[in-house]
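Engineer: Sequence and computational prediction follow.
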Amino acid sequence: MLFDELSQYYVKLEETSSRLEMVDILSDMFSRAVPEEISSIIYITQGVLGPSFEGLQVGVAEKFAESAIAMASGYHAEDVVKAFRKSGDLGLCAEEFIKKSKLRSLSKKQLSVVDIFRSMLKIANTSGTGSQAGKIKILVEMLTSSSPIESRYIIRFALGKLRLGAGDATIIEALSKTYAGSRNSKPIFENAYNICSDLGKVGETASKSGVIGVGKIRVTLFSPIRPALAERLPTAENILEKMGGKCAVESKYDGLRAQVHMSRGGRRARIFSRNLEDITEMFPDICKAAFSEIKADSIILEGEAISYDDITGEFRPFQETIQRKRKHGVQEKSEELPVHLFAFDLMYIDGEDLMAKPYEERRKRLESAVSGAGLIRFSNRIIATSAKQIEEYFNNAVEQGLEGIVAKDMGSVYVAGARKFSWIKLKRSYRGELSDTLDLVILGYYLGKGQRTEFGLGGLLAGVYNESKDTFETVSKIGTGFSEKQMSSLGKSLRAIRLTKMPARVESVVAPDFWVEPKYIVTVRADEITRSPMHTCGKTQQSDAGYALRFPRLVSDGIRTDKSAEDATTTKEIIEMFNLQRKVRVSK
Ligand code: ATP
């Protein structure tokens, strides 16, 4: 496929405000691709240069993109800078300058998608002194051979600002439509994605061996599995009933989720976060322990990494564990703040895929695969057959400074990438009432009045994720809970992702001063969930009112870097919490 053809599809994607239309456009686009190029097309559409867990972006700085546009069109860099100041979009500037280019290239070569992908990879992998000139050269070569529309997307992609608004779920639906003939086979594609977290691989497999091939995608070392998540219930009785009278109950540690992949032969260990970010660098000590404390040649296991004082047996607060998320001095920190991994699941060992085995078997295999006495321990647990046992275990956990408990269905498979009742959490912060916090995605912001204008931020329009529709719905405006420092840094981050219109996957009846790309998550506390016509969360064609928060306030220390937009609290969870709230009131 020529990059020009891909660009035409991107124009259409940008123009639509309907998600279903997006699926159709993407599916049309995928059906034009041959197997060798489908993964590149998917990655470019996602704005990356490989599976998103590798996080490889081109990352060209604005200044260099300006020079490249100037060189490719025969203008002065100052002309480009001026135009950029006016439009605020270097992609549009590139389009304008290539259109009025003073240079006529005689041997214009039409670029394919794969050509562009390879050149972008080359830019991303060029480093060291003097590398900037090399990067600009590659960019100029691409621009001189491209049409104005192509240059719009080349520049946006190179800057990491493609922002087509197509989320993973939308791409998955389009893949299902393309390769299985309808959206109905979506679960097969979703399942494959949950196992390998690599949409390029899913697309390529579909293109080469159809849905049957996609259904055969299995767990692979060093490709993170999308994590299983827990549902909530308000009481021990509810939990036991849901679990059928017997379940395992584990302590819920408030640290960082860590998925450890280790290959002894390959001398390689990697750790992925809840969000599938590679956080190996944060935990050199756990990597080392993986080789010495695990009795296997290769393994994928999961646990919670948490600062823990082995002498006093004290669990340290989340804020201390997260301090490892720094670039420098991790080695010193690892001595000062020892972290332990409390392992709770095993998904793969020595070539054997354990995802479909029952929890109890996975746990037993975990216990025999790890020594358990070093840095890697096992999550504490009991097998409970009465609500009283669960209650006592919960109280005990809270007394130790833990977050609460996670009950687990002993016969359940590992449910990758989904929030299901095979895991149910009960946290100390909520015993029925809405004192649980919510993770909301920022959809827009208000400038505010008075003193707040100086920060460029007065309040946020925040939303939840509707999993079944793959859209973001508004649930609250948030104006309190910010410190001055937070306001100014949030203001800065939001200005960088500002959009000129409401994105296609957002549903809202209110309009903030500025829309932003749904990207950042903040944690919010509220007194209550109420029904309100102002917000679209949970609104259906039959109902006038959606759900909203009463007295919302920001509690996270700024943006939560461990979650992405689709990890926000979901519409379904809000409705469940609303119903729980009512039940508790009735029983009181
Ligand atoms: P939360 O903010 O409550 O951790 P979450 O959305 O990140 O919410 P949940 O599905 O609600 O995730 O809760 C599961 C999380 O709890 C896991 O992601 C993991 O990080 C953490 N956790 C701590 N201890 C355990 C345990 N023993 N078993 C499973 N998960 C645990």
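Structural biologist: Yes, it's here.
Engineer: Flag every residue of the chain that's near the ligand.
Structural biologist: 227, 229-230, 250-253, 257, 274, 304, 344, 379, 406, 425 (CB under 6 Å from any ligand atom). No exception for glycine: its C-beta is placed from N, CA and C like everyone else's.
Engineer: Please repeat the previous calculation with a cut-off of 8 Å.
Structural biologist: Residues of the chain lying near the ligand by CB under 8 Å from any ligand atom: 227-232, 250-257, 274, 302-304, 342, 344-345, 379, 381, 403, 406, 408, 419, 423, 425, 427, 436-437, 439, 562-563, 567.
Engineer: Which of these fall in strands?
Structural biologist: If you go by DSSP state E, these have 229-232, 250-252, 256-257, 302-304, 342, 344-345, 381, 406, 408, 419, 423, 425, 427, 439 in strands.
Engineer: Tell me what angle the strand or helix carrying residue 360 forms with strand 404-408.
Structural biologist: Taking DSSP states H and E as the definition, one finds residue 360 inside helix 359-369. Here helix 359-369 points in a direction 110 degrees away from that of strand 404-408 (axes from the mean of the first three to the mean of the last three CA atoms, to 10 degrees).
Engineer: What residues sit buried inside the helix or strand where residue 140 lies?
Structural biologist: Per DSSP H and E, residue 140 falls inside helix 131-144. Of the residues in helix 131-144, 135, 136, 138, 139, 140, 141, 142, 143, 144 count as buried by neighbour count, 16 or more other CB atoms under 10 Å.
Engineer: Output the very next helix or strand once past that helix as PDB, restricted to C-alpha atoms.
Structural biologist: Following helix 131-144 in sequence order, the next helix or strand is helix 148-159 (DSSP H and E). Output in PDB follows, covering the C-alpha atoms of helix 148-159 (Å, rounded to 0.1, in the frame of the first residue of the first chain):
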ATOM      1  CA  PRO A 148       1.100  17.600   0.900                       C
ATOM      2  CA  ILE A 149      -1.400  15.200   2.600                       C
ATOM      3  CA  GLU A 150       1.300  12.600   3.100                       C
ATOM      4  CA  SER A 151       3.600  15.200   4.700                       C
ATOM      5  CA  ARG A 152       0.900  16.200   7.100                       C
ATOM      6  CA  TYR A 153       0.900  12.600   8.600                       C
ATOM      7  CA  ILE A 154       4.600  12.000   8.300                       C
ATOM      8  CA  ILE A 155       5.300  15.100  10.500                       C
ATOM      9  CA  ARG A 156       2.500  14.300  13.000                       C
ATOM     10  CA  PHE A 157       3.700  10.700  13.300                       C
ATOM     11  CA  ALA A 158       7.400  11.800  13.700                       C
ATOM     12  CA  LEU A 159       6.400  14.100  16.500                       C
END
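Engineer: which other helices and strands contact helix 148-159?
Structural biologist: Applying 3 or more CB pairs under 8 Å, 6 or more residues apart in numbering; DSSP states H and E, one finds that helix 148-159 makes contact with helix 3-15, helix 62-73, helix 90-99, helix 113-125, helix 131-144.
Engineer: Return the distance of whichever helix or strand comes after that helix from the chain's centre.
Structural biologist: The first helix or strand that comes after helix 148-159 along the chain, using DSSP H and E, is helix 168-180. Between the centre of helix 168-180 and the centre of its chain there are 19 Å (CA atoms, centre = their mean, to the nearest Å).
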